[in-house]
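A.B. asks: Next comes the sequence, and after it the predicted model I'd like to discuss.
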Amino acid sequence: MILPGNASCQGCPISIVMRCLDEISNPVLAIPASCSTVIAGLHPKSAMKVPVVHVPFPSTLAVAAGLSEAYKRLGVKANVVAWIGDGAADIGFAALSASAARKDDLITIVVDNEAYMNTGTQASLSTFWKAKTTTSPTGKTEERRNLALIMLAHKADYVATASVGYIKDLRRKFRRAEEMKGFRFLQIHTPCPPGWKFPSEKTVEVARKAVMSGAWILWEYDGKLRLSKAGEKYALKENRIPLEDYLKQGRFSHLSDEEIRELEQKIDEDWELLLRFS
């Protein structure tokens, strides 16, 4: 799905997710300004082996909905994918919410690297609690938004979280989304080496530690909400690795032991909320 020699950073998780698009038949991507735009590049020298439409930040879901309807009327079989980051999910949330409410027949993929990485690592609504960014230099104090649960509240046809640390689970969820119709939404945890300040060869390791520490929960909904097998055992706190193992990133180097305990409490609350629905 993506050619070698593209413009992604070393260890880029987004390019890993792009390689998994071969699980979706005839994908057509709508991508707003982002790291993904840089990676894809422009026609006729795009790094992508699939059609890509570059669109403005707030209109990605509107363009994707139009493409989906147009292909149907033309009798063309295509899976339209609105490919956005957590930043575009912030800026384009009105269109995202409306598309989910309409149950537009498309797949939305959020590559969530927890900040506006392409423009200088500014905090987004997905940024982890207390993480340093260029707009939260002493650590983010605002609440962290759970975008997947919001889509669940919209009664989307399919909702899932995934991680580049668990590729088999990610690919299975892509296949499941491809099999279904209606509004399908996947939020994929994509640790960013330069933005999070960890060595570029550690991307998959960091992603796995996020799940193993309980900081990123793998689940899906297709009429029934359930934990994914890849991460279900971490619902039990005693099965998790110490959170400190996951927080060995430059963006958390300022944390005290007390602040780490606060983060553990936040993570426990996230699990409690999700388990009420499963």
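C.D. replies: Cool, the structure landed.
A.B. asks: My read is that K130 contacts E259, right?
C.D. replies: Yes: with contact defined as CB atoms under 8 Å, K130 counts as touching E259 (5.8 Å). Where C-beta positions appear, they are placed from N, C-alpha and C, glycine not excepted.
A.B. asks: helices and strands around the lowest-mean-pLDDT helix or strand in the chain, which ones?
C.D. replies: Within the chain, no helix or strand scores below helix 35-40, which has a mean of 93 by mean pLDDT, DSSP states H and E. For helix 35-40, the helices and strands in contact under the criterion 3 or more CB pairs under 8 Å, 6 or more residues apart in numbering; DSSP states H and E are helix 13-19, strand 27-32, strand 52-55, strand 79-85.
A.B. asks: For the shortest one, give me every contacting residue.
C.D. replies: Defining contact as CB atoms under 8 Å, 6 or more residues apart in numbering, one finds that strand 52-55 is touched by 28-33, 37, 40, 42-43, 46, 63, 67.
A.B. asks: Let's see that with 10 Å instead.
C.D. replies: By CB atoms under 10 Å, 6 or more residues apart in numbering, the residues outside strand 52-55 that reach it are 27-34, 36-37, 40-43, 46, 60-64, 66-67, 80-84, 88, 92.
A.B. asks: Tell me the helix or strand right after it.
C.D. replies: Using DSSP states H and E, the helix or strand that follows strand 52-55 in sequence is helix 60-74.
A.B. asks: Determine the longest helix present in this structure.
C.D. replies: In the chain, taking DSSP state H as the definition, the longest helix is helix 257-277.
A.B. asks: I'd like the mean pLDDT over it, please.
C.D. replies: Across helix 257-277, pLDDT averages out at 96.
A.B. asks: Repeat that for stretch 107-123.
C.D. replies: Average pLDDT, stretch 107-123: 97.
A.B. asks: Could you do stretch 44-59 as well?
C.D. replies: Mean predicted lDDT for stretch 44-59 stands at 93.
A.B. asks: Next, the buried residues of it.
C.D. replies: Neighbour counts using 16 or more other CB atoms under 10 Å place S46, A47, M48, V50, V52, H54, V55, F57, P58, S59 of stretch 44-59 among the buried residues.
A.B. asks: go on, stretch 3-15?
C.D. replies: By neighbour count with 16+ other CB under 10 Å, stretch 3-15 contains the buried residues N6, S8, C9, G11, C12, P13, I14, S15.
A.B. asks: how close does the first one get to I14?
C.D. replies: Spelled out, that is N6. Distance of N6 to I14, given as CB to CB, to the nearest Å: 10 Å.
A.B. asks: can you check F93 too?
C.D. replies: Relative to I14, F93 is positioned 20 Å away (CB to CB).
A.B. asks: same check, this time on V159
C.D. replies: To I14, V159 is 21 Å away according to CB to CB.
A.B. asks: do the same with K130
C.D. replies: Between K130 and I14 the distance is 24 Å, computed by CB to CB.
A.B. asks: Could you do L274 as well?
C.D. replies: Distance from L274 to I14, by CB to CB: 25 Å.
A.B. asks: can you check V204 too?
C.D. replies: Applying CB to CB, the value for V204 to I14 is 13 Å.
A.B. asks: Other residues contacting the least confident helix or strand of the chain?
C.D. replies: For helix 35-40, contacts defined as CB under 10 Å, 6+ apart pick out 2, 6-9, 12-15, 17-18, 29, 31, 34, 46-48, 50, 52, 54-55, 83-85, 87-88, 109, 111, 113, 116-119, 190, 192, 195.
A.B. asks: The same query, at a cut-off of 6 Å, please.
C.D. replies: Outside helix 35-40, the residues within contact range by CB atoms under 6 Å, 6 or more residues apart in numbering are 6-8, 14-15, 31, 46-48, 52, 54, 83, 117-118.
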